[in-house]
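Chemist: coordinates for the following, if possible.
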Amino acid sequence: MEKLTGIGSAPESGPLLGFLVAGFVLLVLGLAALTIRRRGRPSFASRASMRRALSWAVVYGLCAACFTRVIQPALLGHDRSPWLFALGDVMSVTLALFVWVMALSEGHRFSDYGFRMGSAGTLAFWTLVAIAPLGFYLAPSVTALVNGHAHVTTDSLVFASIFAVLGSALPEELLFRGYLMGSLGARSRHWARLALPALAFTAVRALRLLPGPGYDTGSWLTYVFGLVLPLGVWWGLVRDLSGGSLWPSLISHGVLEFTLVLATASGVSR
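Modeler: Next up, the predicted model:
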């Protein structure tokens with residue numbers, strides 16, 4: 001869901017090695033700290049679980065920020081080289097595995113996180129509801145892709161798919177709308193169950209892509225407050241209204257990411 005800008009000069013790749021190493025170091029340290037055996041296991045909807053979810057969110061956010069800094073040239077359309085796309089694929093898989101380890105180590109049922117299936121009709125309805133606002137954000141990208149203004153390659157298609165599902169939608173929906181929102185439970189007021197996960201999600205996404213060369217402060221503010229925050233609230237609301245299912249927001253998140261990243265990785269400027 002990175003705010004994508006036009007083509008420009010790619011930043012120098014040398015200093016990015018430090019961000020790559022830092023991301024993996026943070027990942028290892030975070031896993032070591034958060035998977036330490038605990039006495040007992042807090043119930044899913046408890047303050048202890050909420051604190052655990054926020055701790056995982058901090059580690060995830062820092063790791064994702066480092067990794068995204070490395071592949072930022074690809075996300076901004078500055079560099080569409082296959083090697084950078086491949087590196088982005090590896091980082092996306094790493095982030096997904098990190099959150100998957102979180103889910104396994106916490107020991108809760110996957111249905112608690114929202115991986116539950118109702119009737120096909122109900123799932124289809126709420127998925128359409130979750131996707132409905134995306135037309136506002138995706139119209140330029142879809143138009144460019146349909147009109148042939150983008151040069152879609154196998155590399156850009158694979159990169160967009162893996163980044164959308166494994167580097168963004170799956171880990172972030174599981175962490176924010178799944179674990180954090182679920183941990184608040186019925187003991188929290190309705191507005192708090194929506195606001196806290198949305199704000200945490202917004203903070204992490206704002207950290208993942210900071211203003212810099214080819215990406216000014218105005219674009220960053222529009223991205224944070226015009227895209228990330230409203231959709232964070234919307235996806236939480238959809239999960240709440242759909243009976244706790246995570247699937248509609250996960251699918252909507254994946255569609256958004258895939259379309260935006262495919263367009264930019266294929267040469268569509270903004």
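Chemist: how near is residue 196 to residue 203?
Modeler: According to Cβ to Cβ, to the nearest Å, residue 196 stands 11 Å off from residue 203. C-betas here are computed from N, CA, C, even on glycine.
Chemist: tell me which of the two has more neighbours.
Modeler: Neighbour tally, residue 196 and residue 203, criterion other Cβ atoms under 10 Å: the higher count belongs to residue 196, 20 against 17.
Chemist: pretty sure the more buried one is touching residue 182, no?
Modeler: No. Taking contacts as Cβ atoms under 8 Å, residue 196 lies outside contact range of residue 182: 11.7 Å.
Chemist: for the spatially most central residue of the chain, give its distance to residue 231.
Modeler: For the chain, the residue nearest the mean C-alpha position is residue 168 (3.0 Å; Cα atoms, centre = their mean). Noted for residue 168: a distance of 12 Å to residue 231, by Cβ to Cβ.
Chemist: hang on, residue 236 in a helix?
Modeler: Yes. Assessed with DSSP: H, G, I helix; E, B strand; the rest coil, residue 236 lies in a helix.
Chemist: tell me how many other residues surround it.
Modeler: 22.
Chemist: these two touch, right, it and residue 178?
Modeler: No. Between residue 236 and residue 178 there is no contact under Cβ under 8 Å: 10.7 Å.
Chemist: tell me the secondary structure at the residue nearest to the centre of the chain.
Modeler: Assignment for residue 168 (three-state DSSP): helix.
Chemist: excluding chain neighbours, what is closest to it?
Modeler: residue 257 (4.7 Å; Cβ to Cβ, 6 or more residues apart in numbering).
Chemist: that neighbour touches residue 166, doesn't it?
Modeler: No. Taking Cβ under 8 Å as the definition, residue 257 is not a contact partner of residue 166, at 10.3 Å.
Chemist: report the buried residues of whatever helix or strand residue 53 lives in.
Modeler: Residue 53 is part of helix 47-75 when elements are defined by DSSP states H and E. By 16 or more other Cβ atoms under 10 Å, the buried positions in helix 47-75 come out as 49-50, 52-54, 56-57, 59-75.
Chemist: what inclination does the helix or strand following that helix have with respect to helix 47-75?
Modeler: Along the chain past helix 47-75, the next helix or strand (assigned with DSSP H and E) turns out to be helix 82-106. Calculated by axes from the mean of the first three to the mean of the last three Cα atoms, to 10 degrees, helix 82-106 forms an angle of 170 degrees with helix 47-75.
Chemist: helix 82-106 packs against which elements?
Modeler: In this structure, helix 82-106 makes packing contacts with helix 16-34, helix 47-75, helix 154-164, helix 170-172, judged by 3 or more Cβ pairs under 8 Å, 6 or more residues apart in numbering; DSSP states H and E.
Chemist: adding distance to residue 131 and mean pLDDT, write those out as CSV.
Modeler: What follows is the helices and strands packed on helix 82-106, written out as CSV (distance: least, Cβ to Cβ, whole Å; pLDDT from 0 to 100):
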stretch, distance to residue 131, mean pLDDT
helix 16-34, 31, 87
helix 47-75, 22, 91
helix 154-164, 14, 95
helix 170-172, 17, 97
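Chemist: what's around residue 148, how many residues?
Modeler: Neighbour tally, residue 148, other Cβ under 10 Å: 8.
Chemist: quick check: which element contains it?
Modeler: Residue 148 belongs to no helix or strand, assigned by DSSP H and E.
Chemist: okay, it: pLDDT?
Modeler: We have a pLDDT of 76 for residue 148.
Chemist: next one: phi and psi at it?
Modeler: Reported as degrees, to the nearest 10, the phi and psi values for residue 148 are phi 80, psi 20.
Chemist: and the gap between residue 225 and residue 218?
Modeler: From residue 225 over to residue 218 (counting by Cβ to Cβ), the distance is 11 Å.
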